[in-house]
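Peer 1: Sequence and computational prediction follow.
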Amino acid sequence: MCGIAGALGSQLDPIRAVASMIAAQRHRGPDDQGRWHDPAARIALGHDRLAIRDLSAAGRQPMVSPDGRFVLSFNGEILNDHELRAELAPVWRFRTTSDSEVLLAAWSHWGPDSLERLIGMFAFLVWDCQERTLYAVRDRFGVKPLYFHRLRDGGLLLASEIGALFAAGAPRIPEPAAWAAYFTRAVHDEAGRTFWRGIERLEAGCLLTWHEGRLDERRWYDLAERVGEPDHRPAAEVQAAYRTLLTESVQLRFRADVPVGINLSGGLDSSTLLALVHTIEGAQSTVSAFTFTCGDPRYDELPWVERMLAETQHPLVVSRLDPATVPQLAADVQEHQHEPFGGLPTLAYARLFENARAHGVIVLLDGQGLDEQWAGYDYYRRALGATAPGMGPSIQGTRQAPLRAGCVSPELRALAPPPLPEVAAGDGADARLRAWQMRDLERTKLPRALRFNDRVSMRSSCELREPFLDHRLVELALRQPAARKIAPDGTHKAMLRRIARELMPAALVAAPKRALQTPQREWLRGPLRTWAEAMIEHAQSTFPGWLEKPAVASAWRSFLDDEVDNAFFVWQWISLGLCASSPAPREPADRSQPADMSQPADMTEAAS
């Protein structure tokens, strides 16, 4: 897991830009920093290394092919590197044991066709010195990030994090349309848009090509095409195939030359992960386990985690989030996210990774992805109705409206881009449910969760691996009929529960699913009330005209009076305040760009 950066164009100094970006991303790779440049082509690539595979200096990047044609800067893990290495051995003399060299060899031999062969998580840049072409690639589900900023001369800045682009001089100007979509439709990470003007996100499963100032973006992985027709094989046959893939996926993600740990909550997904670790390593496994607590028994899952581990040898490290630590922690996490994040759960997760790093654990496995695969969220039941319902926001654990669009000014609301067309669904419950799952995997829940998790893990220089997001698992699960996901009695993740019963005691399978894991409502009404009010006021004063003050005041009073069952809209306002509190912007890399004076003055003057 690392940080990557690239700069090319005639109106900037690529070497200086890349140096600024890798300095800004050093938390992503504290073990080594590398740069490569071609003065004639006016391109530079940079790399921050978090050494996970082949810890020697031979694995440092950017990495150049033996013939000098290709240069690679890579973030992530190619987990089937051993198998690919054996396949490439006749045509490539390997000098390292790193997966980075396997990727470089694969690209040199197969070019973009190599992407279909990769299992893992990745974002990488490849410069073809012969064709003078840059390739930028992001993995199938977007586990690893990649952002870019276009320059007026056709040049480009690329980096793992938005903050690195700011460090290289990309203007730090908030994008009102993105905030409008966030406030009115709960959109975080839709398509290639970000919350910053001129900063674009390479979408998951996409390949960006730059040649002579021209950009081309195409999708190299299409989940809908890969899923294809429903799978009507006998349930027992599917169950066995999925269990085999589960075991292989977790086994692959233990490939590392540094300590590996696991993140646990008290639910089905974590207990399944723990059982698979025992399947692979044996009952005497001493892999460290990590969890978080907020000290509130209504939300904490610590008792379930302790119960899971009671008869094992796993040491448990518990991270505690307290109200007093939230203001400073939220400000720091914001400076790594650069976009709205998921409230107190994200902050609690940040504490967990801090503890993991302090205990010498560099790689952690997580249970993300099974709810989307097996229809684990409560709102999926609505997809099984006789007629296709509107999807609505994918927000778990609330019966009341999570948004307060009426608190947003009409002028800002008018800037919201129209919603993307709903994912196409055919007739019947199977097709409708799959469409909702596809929406969450490609547009809503998964993209934002992966962004939150990547930034808080890399903030502490930890690599987070998602074994349940192996594309083979996702494709197989999505093919299954609705009744294998939500049973006729309303039980969610039905087939997964049957698999879990084969792996662990039934009591653990039955652990209740909790939509909320932190007392966010209680803390914002209580010990964090003064801070929340200050952040909301800061948001309103920094972005005048964006929020309707009387409506915000009324909604806030209702929230304080315990008339609302969620704090989602309150956290949205706090997020705007956190954005307003970010450090001042820098000079733009492309100085020919005019200042955008439609933004609040204190956010544009230093960017002009």
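Peer 2: On my side now, so go ahead.

Peer 1: mind checking the longest helix of the chain?
Peer 2: helix 235-252 (DSSP state H).

Peer 1: Who are the contact partners of the nearest residue to Lys493 once chain neighbours are set aside?
Peer 2: Take Lys493 and drop its neighbours on the chain: the residue closest to it by C-beta to C-beta, 6 or more residues apart in numbering is Trp374, 3.9 Å away. All C-beta spots, glycine's among them, are computed from the backbone N, C-alpha and C. Going by C-beta atoms under 8 Å, 6 or more residues apart in numbering, Trp374 touches 477, 485, 492-496.

Peer 1: ditto for Ala449
Peer 2: 342, 368.

Peer 1: Wait, a helix at it?
Peer 2: Yes: assessed by DSSP: H, G, I helix; E, B strand; the rest coil, Ala449 belongs to a helix.

Peer 1: Just grab the bridge partners of Cys206 for me.
Peer 2: Per DSSP bridges, the residues bridged to Cys206 are Arg219.

Peer 1: Asp216 versus that one, what's the distance?
Peer 2: 11 Å (C-beta to C-beta, to the nearest Å).

Peer 1: go on, Leu344?
Peer 2: 41 Å.

Peer 1: Now list the buried members of the contacts of Trp374.
Peer 2: Buried residues within the contacts of Trp374, counting neighbours by 16 or more other C-beta atoms under 10 Å: 477, 485, 492-496.

Peer 1: What residue in the protein is the furthest from its centre?
Peer 2: Centroid-distance maximum for the chain: Pro90 at 36.5 Å, with C-alpha atoms, centre = their mean.

Peer 1: sec struct for that one, please.
Peer 2: Strictly by three-state DSSP, Pro90 counts as helix.

Peer 1: residues near the closest residue to Asp32 other than its chain neighbours, how many?
Peer 2: In space, and not counting its chain neighbours, Asp32 is closest to Arg49: 4.0 Å by C-beta to C-beta, 6+ apart. As a burial measure, Arg49 scores 24 neighbours (other C-beta atoms under 10 Å).

Peer 1: How about Leu576?
Peer 2: Considering only other C-beta under 10 Å, Leu576 is surrounded by 25 other residues.

Peer 1: wait, it sits on Ser541?
Peer 2: No: using C-beta atoms under 8 Å, Leu576 makes no contact with Ser541, being 10.9 Å away.

Peer 1: thinking again about what came up before, pick out whichever of Leu344 and Asp216 has more residues nearby.
Peer 2: Leu344 (25 against 9).

Peer 1: okay, now Asp322: neighbour count?
Peer 2: For Asp322, using other C-beta under 10 Å, the count is 12.

Peer 1: Contacts only, for it.
Peer 2: Counted by C-beta under 8 Å, 6+ apart, Asp322 has contacts 294-295.

Peer 1: okay, it: pLDDT?
Peer 2: What the model reports as pLDDT for Asp322 is 96.

Peer 1: My understanding was that Val260 contacts Ala356; is that so?
Peer 2: No: Val260 is not in contact with Ala356 according to C-beta under 8 Å; the separation is 10.4 Å.

Peer 1: Spit out the residues that contact the two alike.
Peer 2: With C-beta under 8 Å, 6+ apart as the test, Val260 and Ala356 both reach 362, 364.

Peer 1: Which one of those two is surrounded by more residues?
Peer 2: Ala356 (25 against 20).

Peer 1: Low-confidence stretches in the stretch 451-600 of the chain?
Peer 2: Applying pLDDT under 70 to the stretch 451-600 of the chain flags residues 505-516, 583-600.

Peer 1: which residues in the stretch 451-600 of the chain form helices?
Peer 2: 471-478, 494-503, 506-509, 520-525, 529-542, 549-560, 568-580 (DSSP state H, counting those that start in this stretch).

Peer 1: quick one: contacts of the last one?
Peer 2: Okay, so that is helix 568-580. Counting by C-beta under 8 Å, 6+ apart, 174, 179, 182-183, 186, 195, 330-331, 334, 340-341, 343, 395, 398, 402-404, 407, 520, 524, 532, 534-539, 542-543, 546-547, 552, 555-556, 559, 603 sit against helix 568-580.

Peer 1: now the longest one
Peer 2: Applying C-beta under 8 Å, 6+ apart, the external contacts of helix 529-542 come out as 326-327, 524, 546-547, 549, 552, 556, 560, 570, 573-574, 576-581, 600, 602-603.

Peer 1: Buried only: go through those residues for me.
Peer 2: 326-327, 524, 546-547, 552, 556, 560, 570, 573-574, 576-581, 600, 603.

Peer 1: residue boundaries of the strands in the stretch 101-250 of the chain?
Peer 2: Using DSSP state E, counting those that start in this stretch, the strands of the stretch 101-250 of the chain run over residues 120-128, 133-138, 147-150, 156-159, 200-201, 206-211, 214-219.

Peer 1: ok so, going back, comparing the helices of the stretch 451-600 of the chain, which comes out most buried?
Peer 2: helix 568-580 (a mean of 23; mean count of other C-beta atoms under 10 Å).

Peer 1: CA-only coordinates of that helix in CSV, if you can.
Peer 2: Below are the C-alpha coordinates for helix 568-580, written out as CSV (Å, rounded to 0.1, in the frame of the first residue of the first chain):
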residue,chain,number,x,y,z
PHE,A,568,-27.2,12.3,9.3
PHE,A,569,-28.2,15.8,8.3
VAL,A,570,-26.5,17.3,11.3
TRP,A,571,-23.2,15.6,10.4
GLN,A,572,-23.7,17.0,6.8
TRP,A,573,-23.6,20.6,8.3
ILE,A,574,-20.6,19.7,10.5
SER,A,575,-18.8,18.4,7.4
LEU,A,576,-19.3,21.7,5.7
GLY,A,577,-17.8,23.4,8.8
LEU,A,578,-14.9,21.0,8.8
CYS,A,579,-14.2,21.8,5.1
ALA,A,580,-14.3,25.5,5.9
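
Peer 1: and that helix, how far from the chain's centre?
Peer 2: When distances are taken as C-alpha atoms, centre = their mean, to the nearest Å, helix 568-580 is centred 20 Å away from the chain's centroid.

Peer 1: before we move on, back to that, can you pull the contacts of the residue farthest from the centre of the chain?
Peer 2: Pro90 neighbours (C-beta under 8 Å, 6+ apart): none.

Peer 1: gap between it and Gly34?
Peer 2: 29 Å.

Peer 1: just Arg479 next, same as before
Peer 2: Counting by C-beta to C-beta, the gap between Arg479 and Gly34 amounts to 42 Å.

Peer 1: do the same with Ala106
Peer 2: Noted for Ala106: a distance of 20 Å to Gly34, by C-beta to C-beta.

Peer 1: again, but for His359
Peer 2: Distance from His359 to Gly34, by C-beta to C-beta: 28 Å.

Peer 1: now Thr542
Peer 2: 38 Å.

Peer 1: in the chain, which helix or strand is least confident?
Peer 2: Least confident element among the helices and strands of the chain, by mean pLDDT, DSSP states H and E: helix 601-604 (a mean of 26).

Peer 1: Measure how the helix or strand that contains Leu446 sits relative to strand 120-128, angle-wise.
Peer 2: Counting by DSSP states H and E, the element that carries Leu446 is helix 445-459. Orientation note: helix 445-459 sits at an angle of 80 degrees relative to strand 120-128 (axes from the mean of the first three to the mean of the last three C-alpha atoms, to 10 degrees).
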